[in-house]
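A.B. asks: structure, please.
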Amino acid sequence: MPFAQDIHYSLHQPNKNSSRPPLILIHGAGGSFLSWHPYLRRLEGETVYALDLPGHGDSKGEGRRSIDEYAEDIVCFMENIGVESAVIAGLSMGSGVALTLALHHPQKVKALALFGSGAKLRVAQSTLEMVGKPETFAAAVEDINRACFSMYASSDLLALSKKSMLSTGPSILLGDFLACNQFDVTAQLAQIQIPTLVICGEEDQMTPPKYSNYLQDNIPNAQLYILEKTGHMLTLEQPDAVVKLLKQFLDELPPLS
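C.D. replies: All right, here's what the predicted structure looks like:
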């Protein structure tokens, strides 16, 4: 798969001359483009870029320690691949990146799709301490990974997710959580005037539904869906439901001029 600005990404492009805005998928803390189920990475009729943030997956470089820095990475990525504007979809930390792009670079964002999201993404101090120490890193990942899924998720899905997070390493995962911990756009949400889709798992322990309710109440054009029997990693637990809602949302957007 290709690279742009040292960022590794997958590209699904069924129609090069489409008038529909492309979709960019941004994963969460300690994740990679594999945090998005293949059904989402290959969304029917849509041009989809699913990327690994710096230091994650197969991307080069180091991870960042602020959401703003990751947002600037996405701006550079878009400029490198020649995409002027796109629908930005973010999962967890990636949703913070998406919100930051909409606030700081509104000309680049046609619409937002936020999964397991919040206007702030606080992380417990005990988690930060455990993640940052090599001797407690594996135990921290075990706890975090289990909290990311509902009781209905398969053991295979949990095992694959845990393996991916462990491969990220202590320094990058700590950086991601530090970035999340300082993120807070609660006072700026009303500035976001573009169509916004918000989806949350009913069993989400990382960003409980109240966070998504807050987004719906404070982003003027937000629509919210809460999926039953689903945890934080709803893009892997309930891909069919997420695909249906996302496709419906994209179909209602105006074409590119």
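
A.B. asks: tell me the buried residues in stretch 95-109?
C.D. replies: For stretch 95-109, the neighbour count (16 or more other C-beta atoms under 10 Å) marks S95, G96, V97, A98, L99, T100, L101, A102, H105, K108, V109 as buried. To be clear about C-beta, it is placed using only N, CA and C from the backbone, and glycine gets the same treatment.

A.B. asks: possible to save these as JSON lines with secondary structure, distance to E46 and pLDDT?
C.D. replies: Output for these, formatted as JSON lines (DSSP: H, G, I helix; E, B strand; the rest coil; distance: C-beta to C-beta, whole Å; pLDDT from 0 to 100):
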{"residue": "S95", "secondary structure": "helix", "distance to E46": "19", "pLDDT": "98"}
{"residue": "G96", "secondary structure": "helix", "distance to E46": "23", "pLDDT": "98"}
{"residue": "V97", "secondary structure": "helix", "distance to E46": "20", "pLDDT": "98"}
{"residue": "A98", "secondary structure": "helix", "distance to E46": "17", "pLDDT": "98"}
{"residue": "L99", "secondary structure": "helix", "distance to E46": "21", "pLDDT": "98"}
{"residue": "T100", "secondary structure": "helix", "distance to E46": "23", "pLDDT": "98"}
{"residue": "L101", "secondary structure": "helix", "distance to E46": "19", "pLDDT": "98"}
{"residue": "A102", "secondary structure": "helix", "distance to E46": "19", "pLDDT": "98"}
{"residue": "H105", "secondary structure": "coil", "distance to E46": "21", "pLDDT": "98"}
{"residue": "K108", "secondary structure": "helix", "distance to E46": "18", "pLDDT": "97"}
{"residue": "V109", "secondary structure": "strand", "distance to E46": "16", "pLDDT": "98"}
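
A.B. asks: got a list of what D184 touches?
C.D. replies: By C-beta atoms under 8 Å, 6 or more residues apart in numbering, the contact set of D184 is A119, K120.

A.B. asks: let me redo that: E129
C.D. replies: Each residue near E129 by C-beta under 8 Å, 6+ apart is listed here: T136.

A.B. asks: check the gap between it and Q193 for me.
C.D. replies: Note on E129: its distance to Q193, by C-beta to C-beta, to the nearest Å, is 40 Å.

A.B. asks: again, but for A124
C.D. replies: 34 Å.

A.B. asks: so where do the strands sit in this structure?
C.D. replies: Using DSSP state E, the strands of the chain run over 3-4, 7-12, 23-26, 48-51, 86-91, 109-115, 196-201, 222-227.

A.B. asks: same list (the ones you listed) but as CSV, adding distance to K60.
C.D. replies: CSV is the format used below for those (distance: least, C-beta to C-beta, whole Å):
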stretch, distance to K60
strand 3-4, 8
strand 7-12, 8
strand 23-26, 17
strand 48-51, 12
strand 86-91, 21
strand 109-115, 25
strand 196-201, 31
strand 222-227, 35
